[in-house]
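> give me a model of this one.
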Amino acid sequence: MVIVIAVIAAVGGFLIGKGSAKRSANSTAGSSVGGGSASKARSAVSQSGTKGGDVAGDAFQLSLSRIGAYLRKNVDGPLSDAFKNRRLSLRKAAEDAVAAIEDLHFFLDDPSGAIGEDDLTRVVKEAVKDYEADWDQSIRLSSTGPVRVRTNTEALLDALYLILHNAGVFAQGKGVVATVSSDGKWGKVLIEDEGPGFTAEALSRAYDPFYTTSEGGLGLGLSHARKVVELQGGSIHLRNGPDGGAEVEIAVPLA
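This is a model prediction of the structure:
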């Protein structure tokens, strides 16, 4: 319990102080707006805050509410079930609980790092492979060839995984496509899904920490992904496709 309280205080305080939030353990469901990646970001994703009071106080209450619900579902629930039902593995429940706590710690990590050069197509392929292995969902990948960009590869992998997970949830069992391209200045990744698309509220609030349209998630994925991309001198844009579905486009500088 002491650990849980410490994590709640740390995450809530960090996000309020910093404004907005890598692939972590594959133990929890992500969100349909906030999103989950592969070595560290495989999880993180509705509430709109309380009425009245100061902004910081409302944000803190929202963070406590979302983290509390997350811990009840992914820590307290599995452990309680294992204690009550001897047919369930207590060891597995404990491992899942620890993984859920590690997922929270993931969002406390500093996503900045050394910038180098890499092939954006290769990075996207790796993120797609990790996501498909974790969630048993196929992603269609399209690229004309190598696209050399300036990036921190590990951090970008995390951001891509979170966005792929978000698209996978939005797709509701339908298709997801990742397209790599270049316009002479930017290397771009367009991730499209065949779901219902963003609502007007989701488009305006998608980057808000703890905003989510999915139960059991944290609502931190997109805010974290944006921070990663912007720290690398890039940008991220959300929109609805002309034929329906949601689109998320990442742009990072060419090498």
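
> all helices for the stretch 51-200 of the chain, in order.
In the stretch 51-200 of the chain, the segments counted as helices under DSSP state H, counting those that start in this stretch are 55-71, 77-84, 90-106, 120-135, 153-171, 200-205.

> and Ile250, which of those is closest to it?
Nearest to Ile250, of all the helices of the stretch 51-200 of the chain, is helix 153-171, at 7.1 Å by Cβ to Cβ. Any C-beta I mention is one placed from the backbone N, CA and C, and that applies to glycine too.

> would you confirm that Glu132 contacts Arg140?
No - using Cβ atoms under 8 Å, Glu132 makes no contact with Arg140, being 10.9 Å away.

> what about these two, which has more around it?
Glu132 (15 against 11; other Cβ atoms under 10 Å).

> and the gap between that one and Lys125?
11 Å (Cβ to Cβ, to the nearest Å).

> likewise for Ser181?
Note on Ser181: its distance to Lys125, by Cβ to Cβ, is 14 Å.

> how many neighbours does the closest residue to Thr199 other than its chain neighbours have?
Spatial nearest neighbour of Thr199, excluding adjacent residues (Cβ to Cβ, 6 or more residues apart in numbering): Thr213 at 7.7 Å. When counting by other Cβ under 10 Å, one arrives at 20 neighbours for Thr213.

> torsion angles phi and psi at Thr213?
Backbone torsions of Thr213, given as degrees, to the nearest 10, read phi -110, psi 10.

> would you confirm that it contacts Ala202?
Yes - assessed by Cβ under 8 Å, Thr213 is found in contact with Ala202 at 6.3 Å.

> what's the most buried one of the helices of the stretch 51-200 of the chain?
Comparing those by mean neighbour count (mean count of other Cβ atoms under 10 Å), helix 153-171 comes out on top with a mean of 28.

> what angle separates that helix from helix 120-135?
Between the axes of helix 153-171 and helix 120-135, defined by axes from the mean of the first three to the mean of the last three Cα atoms, to 10 degrees, the angle is 50 degrees.

> which elements pack onto helix 153-171?
helix 120-135, strand 176-182, strand 186-193, helix 221-231, strand 246-253 (3 or more Cβ pairs under 8 Å, 6 or more residues apart in numbering; DSSP states H and E).
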